[in-house]
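Colleague: need a 3D model of the sequence below.
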Amino acid sequence: HVRALGHGGDFATYYYATRVAWQGEDPYETSLLERAARADGTRRHVHPFLYPPPFLGAMAWAVPLSLATASEVFFWVNQASVLVLLWAFRRWFAAEVAILALLLTTYSPVVDSVRVGQANLPVLLLAILGLCRNRAEGVAAAAMAKLSPVLYLVPWLARGAWRRAGIALVTALALSLAV
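Modeller: Here you go, the predicted structure:
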């Protein structure tokens, strides 16, 4: 997993963007992320931070931790997300246990996401919980972590669920303003 990589994998982008933002600097300026990583002696290059600002608020817990410790915590966040996703798929979609086991053991994006410390699984969890419970706030939180879940609003809009889409928009704006 990420600790074995020695440099934080994709998680390093989230980590250094959060630390740079915490210091009042621009987390979207890759050179600042790379400077912070070099100062820590962890890596020379960091991928650009391309996520909405509320993602930084969700990562504030990592600021006082080292990259290695924070990536270890995030590894367990990903593990917990997988378990809750499996429970949700079983409960709400009546997925067979054998299918879920097959998915878990063979679907490489799940393994790769955990291995390099991507945020895909917690974001998917927020989106699934929001969709399955018809809670716009969950979908909005997912979209404010990673933009692609905003596409889940399209079916709501197509069905005329204006109130639900409006709640998602207001939640997204509130999360952005809060950060």
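Colleague: give me the below-cutoff pLDDT ranges for the protein.
Modeller: By pLDDT under 70, the low-scoring segments of the chain are 1-8.
Colleague: what ranges do the strands span in it?
Modeller: For the chain, strands defined by DSSP state E do not occur.
Colleague: who's in contact with Glu29?
Modeller: Contacts for Glu29 were tallied using C-beta atoms under 8 Å, 6 or more residues apart in numbering; they are Val20. Placement of C-beta: from N, CA and C, glycine included.
Colleague: what is the burial count for the nearest residue to Glu25 once chain neighbours are set aside?
Modeller: The spatially closest residue to Glu25, leaving aside those adjacent along the chain, is Leu32, at 5.2 Å (C-beta to C-beta, 6 or more residues apart in numbering). When counting by other C-beta atoms under 10 Å, one arrives at 20 neighbours for Leu32.
Colleague: let me know whether Leu32 touches Val20 as I believe.
Modeller: Yes - contact status for Leu32 versus Val20: in contact at 4.8 Å, counting by C-beta atoms under 8 Å.
Colleague: longest helix in the chain, by number of residues?
Modeller: Assignment by DSSP state H gives helix 67-93 as the longest helix of the chain.
Colleague: and the most centrally placed residue in the chain, its phi and psi?
Modeller: What sits nearest the mean C-alpha location of the chain, by C-alpha atoms, centre = their mean, is Ala119, with 3.2 Å. For Ala119, the backbone dihedrals are phi -90, psi 10 (criterion: degrees, to the nearest 10).
Colleague: I'd like to know how far it sits from Ala68.
Modeller: Distance, Ala119 to Ala68, using C-beta to C-beta, to the nearest Å: 18 Å.
Colleague: report the contact partners of Ser176.
Modeller: Shown in contact with Ser176 (C-beta under 8 Å, 6+ apart): 52-54, 144.
Colleague: out of these, which one sits closest to Arg38?
Modeller: Among these, Pro53 lies closest to Arg38 (C-beta to C-beta), at 24.3 Å.
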